[in-house]
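Undergrad: build me a model from this:
(chains A and B)
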Amino acid sequence: QQQVKQSPQSLIVQKGGISIINCAYENTAFDYFPWYQQFPGKGPALLIAIRPDVSEKKEGRFTISFNKSAKQFSLHIMDSQPGDSATYFCAASLSGGYNKLIFGAGTRLAVHP
Amino acid sequence: GAGVSQSPSNKVTEKGKDVELRCDPISGHTALYWYRQSLGQGLEFLIYFQGNSAPDKSGLPSDRFSAERTGGSVSTLTIQRTQQEDSAVYLCASSLRQGSYRNTIYFGEGSWLTVV
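TA: Below you'll find the model as predicted:
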């Protein structure tokens, strides 16, 4: 119940295309859903986050879509660029308490020029 | 410093030896986390510290793992009698105290541990 399932494991997209990464969860007590971006040799960095009271959040080329009834959320990267090539992790955090994040297994994105 | 600082950045140790990994959180951040990332895997929660509260040790994989945080700032993760399966990147992160909304968790670049 504490798991966050992420797919696909890897993704190849052409420059200018749309990258879509999906995550699913079981625990309805999760109330915060961030996406982290990690470049090789670096620590993960927060990209964008959403709370379950909204269905979509957009920041530049990055959009989170959230489906509370289906317990799914996804990251869309519009106009994907080679510089977006990284590993992306979805995560979820329980309501109350503190920020302990439960991470998905990650998606390795490669954007080809 | 401006970010979460971890040392050493790389550590190669022999099986059975003890190792200590250090984390210096962002100044003013009261919450500190340790995560482990095995090659090609997601991030596995290990332990959490918040102020003077008892730490959440629920993620520590065995009693060979321990961590402490001195003076509410620097933290040390200790792995005793290291095993090859302990080889991973150990990531430290920090955030402001939990308030009415989720505070961003900032990660360091990690300590790469290789047990040979």
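Undergrad: for the rest of this, base every contact and every neighbour count on C-alpha atoms.
TA: OK.
Undergrad: spell out which parts of chain B neighbour chain A.
TA: B:41-45, B:48, B:91, B:98, B:102-110 (CA under 8 Å from any CA of the partner chain).
Undergrad: show me which of these are buried.
TA: B:42-45, B:48, B:91, B:98, B:102, B:104-110 (16 or more other CA atoms under 10 Å in any protein chain shown).
Undergrad: where do the helices of chain A begin and end?
TA: Using DSSP state H, chain A contains no helices.
Undergrad: so what does the residue lying closest to B:Ser38 once chain neighbours are set aside have for phi and psi?
TA: Once flanking residues are discounted, B:Ser38 sits nearest to B:Ala88: 4.5 Å by CA to CA, 6 or more residues apart in numbering or on different chains. Reported as degrees, to the nearest 10, the phi and psi values for B:Ala88 are phi -180, psi 180.
Undergrad: any idea how far B:Val116 is from chain A?
TA: 21 Å (CA to the nearest CA, to the nearest Å).
Undergrad: tell me the strands beside the worst-scoring helix or strand of chain A on mean pLDDT, with direction?
TA: Here the helix or strand of chain A ranked lowest by mean pLDDT, DSSP states H and E is strand A:101-103, holding a mean of 90. Strand A:101-103 pairs in its sheet with strand A:86-94 (antiparallel), by DSSP bridges.
Undergrad: ok, back up a step: ok, and what's touching the least confident helix or strand of chain A?
TA: The contact list for strand A:101-103 (CA atoms under 8 Å, 6 or more residues apart in numbering or on different chains) reads A:2-4, A:89-94, B:42-45.
Undergrad: cool, and stretch B:74-86?
TA: By CA under 8 Å, 6+ apart, stretch B:74-86 touches B:14-25, B:64-69, B:113-116.
Undergrad: pull out the buried positions in that stretch.
TA: So for stretch B:74-86, counting by 16+ other CA under 10 Å, buried means B:74-80, B:82-83, B:86.
Undergrad: please apply the same query to stretch A:44-54.
TA: A:44-46, A:48-52.
Undergrad: what of stretch B:62-77?
TA: Neighbour counts over stretch B:62-77 (16+ other CA under 10 Å) mark B:65-69, B:72-77 as buried.
Undergrad: and the residue nearest the centre of chain B, which of the three is it?
TA: Chain B has B:Trp34 as the residue nearest its centroid, 2.9 Å off, counting by CA atoms, centre = their mean. The local conformation at B:Trp34, judged by DSSP: H, G, I helix; E, B strand; the rest coil, is strand.
Undergrad: coming back round to it: quick check on the contacts of stretch B:74-86: which are buried?
TA: Here the buried ones among the contacts of stretch B:74-86, as counted with 16+ other CA under 10 Å, turn out to be B:15, B:19, B:21-25, B:65-69, B:113-115.
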